Each structure stands twice: as C-alpha cells, then as structure tokens.
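Enquirer: Quick one, structure for this:
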Amino acid sequence: MKLQMPVSKIVSTCIFMCVIISNTIQAQTSLNMQLLAHYNDTSLVKHNTQIWNDVMGWYDSVKQKEYMISGTTDSIYFFDVSNPDTIQLLFRFFGTNRNCTNRDYYTYKHYLYAVSDQCDNFGNLQIFDLQHLPDSIVKVYESDTLGGLTHTIFIEEKSARMYMMLNKIINHQTSEIVRSPMDIISLVNPTLPVRIGRLVFPSPYEGARVHEAYVRNDTAYCSSENAGLFIFDVRDASQPNLISAITPPYPQNGYNHSSWLDSSGRYLLFTDESPEGLGIKIYDLKDIYNPRIVGTPFKEAGSPHNSYWMGRYAYTSAYWGGVQIYDLNKVDSPVIGAYYDTYPQTFSDGYHGCWGVWPYLPSGIILASDMENGLFIFRTTEHLAINEKQLTQLFINTYPNPFENEFQITIPTKKPEQTNLTVYNLYGKIVHQEKIELESGANTFNINLAIPSGIYIIKVVASEYIYTTRVIKK
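Expert: Alright, predicted model coming up:
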C-alpha cells in the first residue's frame, strides 16, 4: 500500500479481547481451493472500509501447533489455527498507534517482530515472545529508538538480521524526523536489537526508497516504488554495495512493490502495485549484474500485491482478485492453478480485497487476509492435482519399513528447491506435513511421526517429479 507520512505520538495500553468467530461465509468463485474457515468482526475500527492488513503464520515445532498473526487498524491479533476448520482467537494487543493502514510482522525463532505505518501517530517496534502460546504471550520489547513508523520488515535467519524498510525515527527533543530507505538491524540478541547499517542509494538514484525487501545470503532485493527494483550486496552492513537494478521502462512497470526468489536463487518474481492491476514479472538472475525478464508479465483478475514463491507455485494476494496460485513449472509461461475470490463485492477503484497470503505452515494450509472481509484458511484440493498429472512419478525407499516412530527417506534430485513432504492416511486426509530443502544429489531425511498405527502414503511434489512411497506404522 502506498504511503502518507503521519507525525504525532500517543501511548496506548495493551488489552486482551475476545470476539465471535464465524466459520462460514457465502460461497465464492474458486478453482482447486477449499475454504476451511473464515473469521471477521465488522464492529472493529475501520479506516474508510479497511479493517485488516497483512497476515503471516508461525509454527511451534516444540508443541507442534500452528498460529495465525494478523493486524487491524489499531491492533495485532493472534489466532490458533492448529485445527484449520476453526480460527480460535487467543490474544489481541493494541498497537502503540492508531488508525494504521499498515501493520507488518515477521517471526524469528520464537519471537514476533511487529511494526506499523500510515498511522495517526508515531508508534514503536514491538517484540513478542511466542513460546508460551497458546496460554500466554509476553511483550519483551517496545521502543521507538530503532523505528517509530516502519512500512515493512524482513528477517534473514541465516545472518540474524532484520531489515526495516521506509523507516522513520523521531527525535523527541527536536521533533526532527529521520527517514531511512532501509535500516539493517542485528538480532544476535533477539530481544535487544541493534542497528548496524543503513542503506544509501548511490548516484544517480539518490532519493529512492525501499518499500519492501527480500534478503537471501546477504543479497537484498529492494522494491523501490516507481524507481524500480535494486539488488544490493549487504554483507558489509555499514556499506551496502549496489549490484544491479531493474529500472523503468520495463514491461508493465509501475509502483514496484515486493519480490521473492525461487528455491534455486536463479529466478526473481516481483509485483508492481496499482489499483487496476499490473502483471507479475519473473527475471532470470543467472547473470545478476544483468537481470533479464523471462516470458511476459502475467496475472488473472485483480491486482497482484504480495506474491510468494514456494516449490513450483507462486501464492499471490491480488486485492480485488482474491487469492491466486500460479504454476511456475515453466517459468516462461506460468498458468493459473488455483484461486479463491475473497472479495465478491464489485470493484470500482482504490485498494480493496485480499492484502496478504501465507503458504508456509507445515500442514499445507493457506492463510489469507482480506481488508474488508476478514481472515481465511484454505487448502488446495488434491494439491493442485491437475498440474501434477503432467509430472513423472518415482517410487522412493524408506528404512525401516514397518517403523515404530522414526524412519529415513532418501530423495534424489537434479537441482536445489524447497518443497513439502506430505503424509496421507488411506482416506486421503493429511496427517503430517513439513517443509524440506532438496539439494542436488541424494537427500536423506529422518522423519518422526507421532501418528496411530496403520498404512500411510508419503508424497513429495518437486518441480520435475512426484516422489511417493507407502509406509507402515507399527
């Protein structure tokens, strides 16, 4: 969402609140997506027609429970979605500012980092400890020292760094506001974040800003609004170095909003935000100093906002077009694989509909937030089986089989990629799912399954093959 700059400050208290959960919604237009649960509370404070903004998930690997985090114009909400047929509200924390168009959050270990922007007043960076969920949440940090208004954040776990985009800090003595395109924060101590660098655009790009950034292996892919997309080497946080840029004119260029890499790191997907909608682009980074577009921009109905690349699919929130999932098995000719229209109202102008989507929970459920219509949980039907029928199926071995609690599985592959390992019972119900990272060659994983005795099917869908096997739990 594009920006306005507020300047006042208020301190507010944190409260817990429960509201009624609705698990039903009027049938919508959909393809290969099943609605599992829906939540909304139209009595909440609205900014024009907007109630909700972004959404993300968190998986507690110790308790093996899944959670949804989403924001409204004045609060952050925490839900238990371990049973995906219900959305159970656990806690609500008021933000330190009000009437916020944007709230953004990211998890690191068992902490949630939360920021806000486009508000009536300045706020704070907040850090919440999630390890005691579902019983309690502890706010362990709240300060505007590192940021009073921040549009988005991204955390790279490998380097223990948080990136704060369109970051604004107020000097309370002089009322001076310091604006930064992107600040780089060390999370070596997760509850005591420290600024270690600040991005400065070199000539001739002075004045460019960073709306959102995706970072992998100390390389930052910075969506910089109408200026385009810039790729920086941020290994030295005190002196980031520009590698290359994708600047207008490029096909269907607009307000460069957000990007995401495929698992191999070769291809970059990004969106350009506009109310009417511009196509998603894929660029080949084989020569990172000279990125080249692959194919042509693509989209269905709606306006692509955020898009996440996982395995062979792009999961996209498309404002008035709802949730859309694209099959990127052929990167030069993506096809729509599934969609669900979360916004059945008639679109006229402005920004309305599906703001965020999150596909990374181990169970395989898909979380989505619609600005007016609330929160959704989906599952793709047969894991987009129409597209999978085109892939070659390979049988893989497990040992031991039968097993008691743990077994090993080996998956050979030609190229690195991230995908899901899914376990089904004989009735086709998913009983276990986890993300796995495949590297070139033979990949061996230890799988621990706390499930009843019986026969189960294991399935891994990669970009070129479907790996399957049958196991017996003693």
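Enquirer: which residue sits closest to the most centrally placed residue in the chain, ignoring its sequence neighbours?
Expert: Residue closest to the average C-alpha location in the chain (C-alpha atoms, centre = their mean): Trp358, at 4.7 Å. Excluding the flanking residues, the one nearest Trp358 by C-beta to C-beta, 6 or more residues apart in numbering is Leu367, at 4.3 Å. The C-beta positions use only the backbone N, C-alpha and C, and glycine is treated the same way.
Enquirer: Test my guess that that neighbour contacts Val357.
Expert: Yes. Leu367 is within contact range of Val357, at 6.9 Å (criterion: C-beta atoms under 8 Å).
Enquirer: related to what we said a few turns ago, is it true that the residue nearest to Trp358 lies in a strand?
Expert: Yes. Residue state for Leu367 (DSSP: H, G, I helix; E, B strand; the rest coil) corresponds to a strand.
Enquirer: That one and Phe232, how far apart?
Expert: For Leu367, the distance to Phe232 equals 30 Å [C-beta to C-beta, to the nearest Å].
Enquirer: okay, those two: which has more neighbours?
Expert: Neighbour count, other C-beta atoms under 10 Å: between Leu367 and Phe232, Leu367 has more, with 28 against 23.
Enquirer: Would you quantify the distance from that one to Asn32?
Expert: Between Leu367 and Asn32 the computed distance is 17 Å (C-beta to C-beta).
Enquirer: Lys139 now?
Expert: 40 Å.
Enquirer: Show me which positions of stretch 77-84 end up buried.
Expert: By neighbour count on 16 or more other C-beta atoms under 10 Å, the buried set for stretch 77-84 is 77-82, 84.
Enquirer: Sort out for me which of the residues you listed are in strands.
Expert: Judged by DSSP state E, strands contain the following of the buried residues of stretch 77-84: 77-80.
Enquirer: Now render those residues as TSV, adding distance to Val55 and pLDDT.
Expert: TSV is the format used below for these (distance: C-beta to C-beta, whole Å; pLDDT from 0 to 100):
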residue	distance to Val55	pLDDT
Tyr77	9	97
Phe78	12	98
Phe79	10	98
Asp80	14	98
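Enquirer: ok, back up a step: mind putting the buried residues of stretch 77-84 in CSV, distance to Arg312 included?
Expert: Listed next are the buried residues of stretch 77-84 as CSV, based on distance: C-beta to C-beta, whole Å:
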residue, distance to Arg312
Tyr77, 32
Phe78, 31
Phe79, 29
Asp80, 30
Val81, 25
Ser82, 27
Pro84, 23
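Enquirer: Lys139 and Asn32: which is more packed in?
Expert: Just comparing Lys139 and Asn32: by other C-beta under 10 Å the higher neighbour count belongs to Asn32, 20 against 13.
Enquirer: That one is in contact with Thr380, isn't it?
Expert: Yes. Distance between Asn32 and Thr380: 5.6 Å, which falls inside the contact criterion (C-beta under 8 Å).
Enquirer: quick one: common contacting residues for these two?
Expert: 325, 337-338 (C-beta atoms under 8 Å, 6 or more residues apart in numbering).
Enquirer: Leaving out the residues flanking it, which one is nearest to Ile184?
Expert: Closest to Ile184 by C-beta to C-beta, 6+ apart is Gly197, at 3.8 Å.
Enquirer: go on, Ser180?
Expert: Asn167 (4.5 Å).
Enquirer: Tell me which helix or strand comes right after the helix or strand hosting that neighbour.
Expert: Here Asn167, judged by DSSP states H and E, is contained in strand 161-170. Using DSSP H and E, the helix or strand that follows strand 161-170 in sequence is strand 177-186.
Enquirer: helices or strands up against that next one?
Expert: Where contact means 3 or more C-beta pairs under 8 Å, 6 or more residues apart in numbering; DSSP states H and E, strand 177-186 is packed against strand 161-170, strand 194-198, strand 219-223.
Enquirer: In TSV: those, plus mean neighbour count and mean pLDDT.
Expert: Shown next, in TSV, are the helices and strands packed on strand 177-186 (neighbours: other C-beta atoms under 10 Å; pLDDT from 0 to 100):
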stretch	mean neighbour count	mean pLDDT
strand 161-170	24	97
strand 194-198	16	98
strand 219-223	25	98
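Enquirer: Put together a markdown table for those, with distance to Thr152 on each row.
Expert: Converted to a markdown table, the helices and strands packed on strand 177-186 look like this (distance: least, C-beta to C-beta, whole Å):
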| stretch | distance to Thr152 |
| --- | --- |
| strand 161-170 | 5 |
| strand 194-198 | 16 |
| strand 219-223 | 9 |
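Enquirer: To Thr101, which of those lies closest?
Expert: Proximity to Thr101, assessed across the helices and strands packed on strand 177-186 by C-beta to C-beta, is greatest for strand 161-170 (12.6 Å).
Enquirer: now the closest one against strand 219-223, angle please.
Expert: Relative orientation of strand 161-170 versus strand 219-223 (axes from the mean of the first three to the mean of the last three C-alpha atoms, to 10 degrees): 40 degrees.
Enquirer: From the chain's centroid, how far away is strand 161-170?
Expert: Averaged C-alpha coordinates place strand 161-170 at 18 Å from its chain's average position (C-alpha atoms, centre = their mean, to the nearest Å).
Enquirer: Low-confidence regions, the chain specifically.
Expert: Regions of the chain meeting the criterion pLDDT under 70 cover residues 1-28, 382-391, 427-429.
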